[in-house]
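Visitor: Pasting the sequence and the predicted coordinates here, then a few questions.
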Amino acid sequence: MTEIDSEYWTRYYAVTVDRPAWDTVKLAIRLFAAEDAAAAGRPARGAPGADAASARFAVDLGCGAGRDARELLRAGWRVLAVDREQAAVDTLKSVTPPELRPALQTRVADLGSVEVPACDLVNASLSLPFLTPDLFWPAWRRVLDALPVGGRVAAKLFGDRDDSVTDPTMTCPSPADLRATLSSFEIEHWVDAEEDTTTALGEPHHFHMLEVVARRVS
């Protein structure tokens, strides 16, 4: 990224660091907690108080200032938070309470090439669209391939009617193209919505948002 890009993201982290986690990751946490609470003969994995060996494991791609990663940590998850900006990782570490830090791993890496380890949940909130199409689709495939049966993906993406669709450095998939990749998943949450508003830094923007939470079933 250019120096200007890095400055932009540093300002973005400052604006968003105290914002709540996105609804997609909160829903995924609730769905796993309900499943774990219903399981007989063991404590609910991923719930507060669960021991480290039984805690579920999430990969947060494009963690930014950590609004989603910290939500997962508070719910008792182990988290690998990945971002291409060192400033994002530094911000996340600085605002994570000391008692939650043992469950947090961080990695500075480009989302276009990073390997996604096997995990219970991959979370990607407004991060993967900042990849060019030749990198976005392979990255999305690695996300899905990292999930076993019962694993989930929680994602927020820009759709093909978003203002960013004209930017050649970004990828804004159509709803149909995105759903076509999820044939092995049960879609538990789906939002396809448009809104004229502003970005986190106050810039006018027409948003076409695609939200998905999906569970691998085969």
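Guide: Ah, there it is.

Visitor: Just the mean pLDDT for the helix or strand hosting Asn123, thanks.
Guide: In the assignment (DSSP states H and E), Asn123 maps to strand 121-125. Confidence for strand 121-125, expressed as mean pLDDT, is 98.

Visitor: Partner strands of that strand, with direction?
Guide: Pairing partners of strand 121-125, with direction, according to DSSP bridges: strand 57-61 (parallel), strand 152-158 (parallel).

Visitor: and the angle from the following helix or strand past that strand to strand 152-158?
Guide: The helix or strand immediately downstream of strand 121-125 is helix 133-145, counting by DSSP H and E. Going by axes from the mean of the first three to the mean of the last three Cα atoms, to 10 degrees, helix 133-145 is angled at 160 degrees with respect to strand 152-158.

Visitor: so what's Leu131 up against?
Guide: By Cβ atoms under 8 Å, 6 or more residues apart in numbering, the contact set of Leu131 is 111-112, 139, 170-171. All C-beta atoms are positioned from the backbone trio N, CA, C, and that covers glycine.

Visitor: can you give me the end-to-end distance of stretch 174-189?
Guide: Using Cα to Cα, to the nearest Å, the end-to-end distance of stretch 174-189 comes to 17 Å.

Visitor: Of all the residues in it, which ones are buried?
Guide: With burial defined by 16 or more other Cβ atoms under 10 Å, the residues of stretch 174-189 counted as buried are 175, 178-179, 181-182, 185.
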